[in-house]
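Engineer: Structure of the sequence below:
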Amino acid sequence: MQPRRSLRALASTVLVLMSLGVLAAQDVALTLPNQPDSLKFAIIGDSGTGGKPQYTIADRLVASHGKFPYEFVLMMGDNLYIGSDAKDFQKAFETPYKPLIDAGIKFYAALGNHDNPNERFYKGFNMNGERYYTFKPKPNVRIFALDSNYMDKPQLDWLDKQLAASGSDWKICFFHHPIYSSGGAHGSDVQLRALLEPMFLKYGVDAVFAGHEHFYERIKPQKGIYYFTSGGAAKLREGDVKTKSELTAKSFDTGYHFMLLEIVKDTLNFQVITDQGKTVDSGALPRFSDEDKKKLSTVPTER
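Structural biologist: Numbering: from 1, shown residues only. Okay, here's the model as predicted:
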């Protein structure tokens, strides 16, 4: 009888592993350095549908953590499409990411245009009741979450003061609407760019992440700043990236995806993984020096 119980236990374990996507994701080769003392994090955008694509990406995200122990996840907005009742948080957040939540991985959210502003009070999004906020995961890195739905004067004044006082080598901003995008449905939010880019340049922001567009895009560096769009963790707008855009360094709009990132000294390493477990973009981006940023800040802006 003992062997039979052991077989049942083994079968149960296999089912659990399969539900987390671990077995399916073993063929994903990491391109990141995966160094022991680096800052590791993940990014998902436009994730809160509660549907099968979200759960598939969640499985991949969980499986990746087994190989690449990231400390937290940044959410690019549209975190809940289906509502903001307790059952909606459960279906579109707590259940798909339960293994990560149980492991103590924090999720930091920005608000999207489909989000209820009251989501900022939800403990699991770590917004502490604020539409915009900042945190410092490592001594040399500070991250700023913004509300691009309402970029009002109080928020701009707050960002100006926070960037000025940061003192961090790496300054990273994330919010929902991309200020550089090759998307056919939306494209670059030029008005938002006019408000934010001068401040980014003044204080030496290094990287900016957004969602909203339901695809992945890495923009060619703009005035010494790296821009990414990652809005395909549960929604997809297939074929929406303009193929002749001068902005695009790399794009992917034929499947769902998430991002893994690792900061090692002055290098931002990244890997973009699809729902099928394939890597569609990866690389190591050096942080521009303050001197280079000053020179590049005078370069004409791409449209």
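
Engineer: in this structure, what spans have low per-residue confidence?
Structural biologist: Applying pLDDT under 70 to the chain flags the ranges 1-27, 299-303.

Engineer: Would you map the helices across it?
Structural biologist: Ranges of helices in the chain, per DSSP state H, are 2-19, 52-67, 86-89, 98-102, 153-165, 190-203, 290-296.

Engineer: Any idea which of those gets closest to residue 128?
Structural biologist: Nearest to residue 128, of all the helices of the chain, is helix 153-165, at 13.9 Å by CB to CB. The C-beta positions use only the backbone N, C-alpha and C, and glycine is treated the same way.

Engineer: could you give the angle of the closest one to helix 190-203?
Structural biologist: Helix 153-165 and helix 190-203 meet at an angle of 30 degrees, taking axes from the mean of the first three to the mean of the last three CA atoms, to 10 degrees as the criterion.

Engineer: Run the chain-centre distance for helix 153-165.
Structural biologist: Distance, stretch centre to chain centre, for helix 153-165: 22 Å (CA atoms, centre = their mean, to the nearest Å).

Engineer: which secondary structure elements does that helix contact?
Structural biologist: Secondary-structure packing of helix 153-165 (3 or more CB pairs under 8 Å, 6 or more residues apart in numbering; DSSP states H and E): strand 141-145, helix 190-203.

Engineer: Would you agree residue 34 is in contact with residue 65?
Structural biologist: No - applying CB atoms under 8 Å as the test, residue 34 and residue 65 come out as separate, 11.8 Å apart.

Engineer: More neighbours: the two, which one.
Structural biologist: Neighbours were counted for residue 34 and for residue 65 using other CB atoms under 10 Å; residue 65 has more, 21 against 15.

Engineer: where's the more buried one relative to residue 269, distance?
Structural biologist: Look at residue 65 and residue 269: by CB to CB, to the nearest Å, they are 16 Å apart.

Engineer: again with residue 187
Structural biologist: Distance, residue 187 to residue 269, by CB to CB: 28 Å.

Engineer: The two: which has the busier surroundings?
Structural biologist: Per other CB under 10 Å, whichever of residue 187 and residue 269 has more neighbours is residue 269, with 20 against 17.

Engineer: Just give the closest residue to that one, not the sequence neighbours.
Structural biologist: Nearest residue to residue 269, sequence neighbours excluded (CB to CB, 6 or more residues apart in numbering): residue 262, at 4.4 Å.

Engineer: Please list all residues in contact with that neighbour.
Structural biologist: Listed by CB atoms under 8 Å, 6 or more residues apart in numbering, the contact partners of residue 262 are 32-35, 38-41, 68, 268-270.
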